[in-house]
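Dropping the sequence and predicted coords here.
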Amino acid sequence: MRKVLGASVSDIVGCLSKEFLYLMILANLIAWTIAYYAMQRWLQDFAYRLDLDWMIFVLGGLVSAVIALLTISYQFIKSAWANPIDALRGE
């Protein structure tokens, strides 16, 4: 619908990517909290253990975000380049 109203390909891809990144950030925050408490409880039983650093979680989140965006970027670009008439004709 946005393309019919005159949006450019970069606008469409940016909009789709932004919505997807918001969901990924929310999922990462929930996962980091659960993982931190689970790892703290599990590691407290060991005599020699590592201290958990917040950078481990941030690096893991960044790596997962890059992999996810590379994976779905093809679909974003493909949908942005698609002819909107073909989609409207099916409706």
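Nice, thanks for sending it over. Numbers count the residues shown, from 1 in each chain.

so what's Leu50 up against?
Leu43 (Cβ atoms under 8 Å, 6 or more residues apart in numbering). All C-beta atoms are positioned from the backbone trio N, CA, C, and that covers glycine.

Check what pLDDT it gets.
Note on Leu50: pLDDT of 77.

same question, Leu59
pLDDT for Leu59: 91.

Check which helices and strands the host helix or strand of it sits against.
Here Leu59 sits within helix 54-81, counting by DSSP states H and E. Identification of packing neighbours for helix 54-81 by 3 or more Cβ pairs under 8 Å, 6 or more residues apart in numbering; DSSP states H and E yields helix 9-43.

tell me the angle the helix it packs on makes with helix 54-81.
Between helix 9-43 and helix 54-81, the angle comes out at 150 degrees (axes from the mean of the first three to the mean of the last three Cα atoms, to 10 degrees).

Check which residues of helix 9-43 are buried.
By neighbour count with 16 or more other Cβ atoms under 10 Å, helix 9-43 contains the buried residues Ile12, Val13, Leu16, Asn28, Trp32.

Quick check: mean pLDDT of that helix?
Regarding helix 9-43, the rounded mean pLDDT is 84.

thinking again about what came up before, dump the buried residues of helix 9-43 to a markdown table, plus distance to Met39.
Listed next are those as a markdown table, based on distance: Cβ to Cβ, whole Å:
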| residue | distance to Met39 |
| --- | --- |
| Ile12 | 40 |
| Val13 | 36 |
| Leu16 | 33 |
| Asn28 | 15 |
| Trp32 | 10 |
